[in-house]
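[1] quick one, structure for this:
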Amino acid sequence: MKRYAIYFFYDKDGIVDDYNIYLLNDLKKNVDYLMVVSNGVLKESGKERLRCVSDEVYERENEGFDVWAYKKGMEKTGWEVLSGYDELILLNFTNLGPIYPFSEMFMETDTYDVDFWGITEHYGHSFDPYNKCKYGFIPRHIQSSFIAIRKSMLISRDFQEYWKDMPMIFNYKEAVCYHEAIFTEDFTGKGYKSRVYIETKDLKEFSNYPLMLYPVELIKNRKCPIFKRETFFYKYEEFLDISCGQPGLELYEYLRDYTNYDLNLIWDNLLRTANMYDVKQRMQLNYILSTEVKTAKTQTNKKIALFMHIYSMELAEMCKCYAEYMPSYADICLTTDTEEKIAQLKQVFSTFDESRIHIVKVTNRGRDVGALLIGLKEYIDRYDYICFMHDKKSDHNVPRMVGESFAYHCYQNTLPNAVFAENVIDLFEKNPRLGLLVPPTPCHGPYHSLIGMEWQSNYKNVVDLAKRWGIEVDISESKPPVAPLGTTFWFRKEALKKLYEVGLTYSDFPAEPTGSNDGNIMHAIERLYPFAAQQSGYYCAWGLSDKYAKMEITNLCKMLRDVNQTLFLNYGVDDRELMLHKISVTKQQLDRKNAPFRKMKDIMRKIIGNSLYVRLWKVKERAIGGYRSSEFTRYGK
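    Take a look at the predicted model:
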């Protein structure tokens, strides 16, 4: 067949990634003319890359989504020219692949007696979630990310008038309801015949979106040549509401273990365009490492170091115990702030081979952050993988075991023993795009609120620093950073190079005592680490020891059960999505009811100042201290 293809492309920065070129290279072997329509201006380098794999690159204003990109592409070409082709293919940049050469697909679809066809289909909804679809529900439809129109339909008045009458598309909902969801129903209703290359009718009762929810099944057993970019970063609810969350992880592992598809094509785009937390969720970037069995078969030739900041000398012996877990070939680089403490550290670490120990005097500003990014700057290029720890001490917590347990949380998921350390090194060896391995967010005691409030009062400071230091990846206040809250973690030196190059000095940090447990530059940088790694092309993940993971599962299940019981008592038993909806409606009602009270609080805050207001609020909380008791939980008070 003589084929004409229109490839819709969009990138907010006008950058063309390798995955686009890889797909278009294969597609071009099967089409006679390839037009790329870009919504928005391309960088010159990207435009040149597209010219090398296509016949025409058409840049237009960024409006109308993919629907108007296709419309304008067809108008620019003209119906007279298009009528000279046997098949028009409309596809977009959300496809990744091909896993199998497109030639195999076209060889089979050439035998179809149809007017139009696509690769996959969506089974729609019995309702219209957008309140925009003319059918009152979302009908079954061939997915518009790849759809082919045969000449019989291409030259028809029905098809040409469909596009002539297409209204402007202003948002995603309209793109679905004015085109994607109705195209198949409209034309099959007029008698045009269609089918899909990948049949999934047997999966209809399991999922209305097999390409997203069953990607491995479609690729492995049905030879689907493509998969969706969004599989690795879109809303996690799409997985969680009907599955255990396995589709993204299983797809990645299948591509890694059983195909020749270059995984860097995925990472290069995701790390540049997606939010790291979304990627972490979709791809289950959590590593539970053994403290009993080594996974590495041979010792690495990489240079390894432990960077450790020790300020409180009463914790020096404990820090030494953890340092002993590092492999014998690893260096130990220590920082502290006085000559007297240096002498003490030399004595404490005297049992180590002297050639392994490096002690650096630092200024007592910036605490562990300053020590890592300024004091040890000259050492960073000597090593490949670095474990960073410090003498974790949280004296402001009462009872003191709360702070002690925070330190336990950090240490047990960073350097609990020698076997774990070797396994972390092996993990970095096996995952070349892993840049930062951090403990999960703490959730015991008062840290319970960190899950959902990870930014605390640091979001604006992080955004400001990122802008100043040229970190341009997605940072969203609604999505938490995959950050080492507690500042103990492992990293690949290239992942944090960006922070070593910004020229930090000790004067950038507040003098001690800082008088603040949150909201200063140290807490901002603590949350900026993962974005710096992402900017450098590396992903971030949670790391847990097998021992700690046992407790974490118990704790999280206990916390969820307590929340569920309280919600069920007040709202009735429902699934997660409906429960969230009920809470949202209730909140809107309460917001209207409490508007006068909030206004009064705002006035009081302005009169007495924010600091005093917060202190008075804490006094009030202590006065009703029973709110934490099991009785209050039981009765939902």
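
[2] which stretches of the stretch 1-150 of the chain have low pLDDT?
    Within the stretch 1-150 of the chain, no stretch has pLDDT under 70.

[3] all strands of it, in order?
    Using DSSP state E, counting those that start in this stretch, the strands of the stretch 1-150 of the chain run over 3-9, 33-39, 56-60, 87-92, 95-96, 116-118, 121-122, 141-142, 146-150.

[4] so what strands line up beside the second one?
    Sheet neighbours of strand 33-39, with direction, are listed as strand 3-9 (parallel), strand 56-60 (parallel) (DSSP bridges).

[5] in the shortest one, which residues are buried?
    In terms of neighbour count (16 or more other C-beta atoms under 10 Å), strand 56-60 has its buried residues at 57-60. From N, CA and C alone the C-beta is placed, and that goes for glycine too.

[6] which of those residues lies closest to Phe116?
    Tyr58 (22.9 Å; C-beta to C-beta).

[7] report the separation between the closest one and Asn260.
    To Asn260, Tyr58 is 32 Å away according to C-beta to C-beta, to the nearest Å.

[8] next: Gln284.
    According to C-beta to C-beta, Gln284 and Asn260 sit 23 Å apart.

[9] more neighbours: which of the two?
    Gln284 (18 against 6; other C-beta atoms under 10 Å).

[10] now that one: closest residue in space, sequence neighbours ignored.
    Excluding its sequence neighbours, the residue lying closest to Gln284 (C-beta to C-beta, 6 or more residues apart in numbering) is Leu249, at 4.3 Å.

[11] now do the SS call for that neighbour.
    Here Leu249 is recorded as helix under DSSP: H, G, I helix; E, B strand; the rest coil.

[12] now do the contacts for it.
    Contact analysis of Leu249 by C-beta atoms under 8 Å, 6 or more residues apart in numbering lists 282-284.

[13] let's see 10 Å
    By C-beta atoms under 10 Å, 6 or more residues apart in numbering, the residues touching Leu249 are 216, 232, 239, 282-286.

[14] can you pick the most crowded of these?
    Neighbour max across the contacts of Leu249 (other C-beta under 10 Å) = Arg282, 25 neighbours.

[15] distance check, that residue against Pro98.
    On the measure of C-beta to C-beta, Arg282 and Pro98 end up 22 Å apart.

[16] what's the nearest residue to Asp13 once chain neighbours are set aside sitting at in phi/psi?
    Leaving aside its chain neighbours, Asp13 sits nearest to Lys43 (7.3 Å; criterion: C-beta to C-beta, 6+ apart). In terms of degrees, to the nearest 10, the main-chain angles of Lys43 are phi -70, psi 150.

[17] could you list the low-confidence segments of this protein?
    Using pLDDT under 70, the chain drops low at 395-396, 610-611, 614-615, 617-637.

[18] and with 50 instead?
    Counting by pLDDT under 50, the chain shows low-confidence ranges at 625-637.

[19] do you know how far the residue nearest to Gln284 is from Tyr500?
    32 Å.

[20] how about Val279?
    On the measure of C-beta to C-beta, Val279 and Tyr500 end up 24 Å apart.

[21] ditto for Tyr7
    Taking C-beta to C-beta, one finds Tyr7 at 40 Å from Tyr500.

[22] give me the more crowded residue out of the two.
    Between Tyr7 and Tyr500, counted using other C-beta under 10 Å, Tyr7 has the larger neighbour count: 28 against 18.

[23] specify the beta-bridge partners of that one.
    On the basis of DSSP bridges, Tyr7 is bridged to Val36, Leu91.

[24] my read: Gln258 touches Lys220, true?
    To be clear, residue 258 is Tyr; Gln isn't right here. Yes - taking contacts as C-beta atoms under 10 Å, Tyr258 lies within contact range of Lys220: 7.4 Å.

[25] quick check: neighbours shared by these two?
    Joint contacts of Tyr258 and Lys220 (C-beta under 10 Å, 6+ apart) are Ile99.

[26] now tabulate the buried residues of strand 56-60 in a markdown table and tack on distance to Val293.
    What follows is those, written out as a markdown table (distance: C-beta to C-beta, whole Å):
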| residue | distance to Val293 |
| --- | --- |
| Val57 | 54 |
| Tyr58 | 57 |
| Glu59 | 55 |
| Arg60 | 57 |
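
[27] now do the contacts for the closest residue to Gln412 other than its chain neighbours.
    The shortest distance from Gln412 to any non-neighbouring residue, by C-beta to C-beta, 6+ apart, is to Tyr548 (4.6 Å). For Tyr548, the contacting residues are 288-289, 291, 408-409, 411-413, 416, 439-440, by C-beta under 10 Å, 6+ apart.

[28] secondary structure class for Tyr548?
    Strictly by three-state DSSP, Tyr548 counts as helix.

[29] now it: how far from Asn413?
    5 Å.

[30] any common contacting residues for those two?
    Counting by C-beta under 10 Å, 6+ apart, the contacts common to Tyr548 and Asn413 are 288-289, 439-440.

[31] as TSV, those residues with secondary structure would be great.
    Putting the shared contacts of Tyr548 and Asn413 into TSV (three-state DSSP) gives the following:
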residue	secondary structure
Ile288	strand
Leu289	strand
Pro439	coil
Pro440	coil
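
[32] is it possible to mark the buried ones in those residues?
    Looks like the shared contacts of Tyr548 and Asn413 have 289, 439-440 buried, using 16+ other C-beta under 10 Å.

[33] and these, which is closest to Thr111?
    For these, the nearest to Thr111 is Leu289 (51.4 Å; C-beta to C-beta).

[34] gap between the closest one and Thr554?
    Separation of Leu289 from Thr554 (C-beta to C-beta): 19 Å.

[35] do the same with Glu80
    Taken as C-beta to C-beta, the span from Glu80 to Thr554 is 70 Å.

[36] what does Tyr192 give?
    Counting by C-beta to C-beta, the gap from Tyr192 to Thr554 is 58 Å.

[37] neighbour-wise, which of those two wins?
    The neighbour count for Tyr192 versus Thr554, taken as other C-beta under 10 Å, is higher for Tyr192 (19 against 10).

[38] for that one, helix, strand, or coil?
    coil.

[39] can you tell me the closest non-neighbouring residue to it?
    Asp115 (4.0 Å).

[40] buried sites along stretch 567-584?
    567, 571, 579.

[41] that'll do, ta.
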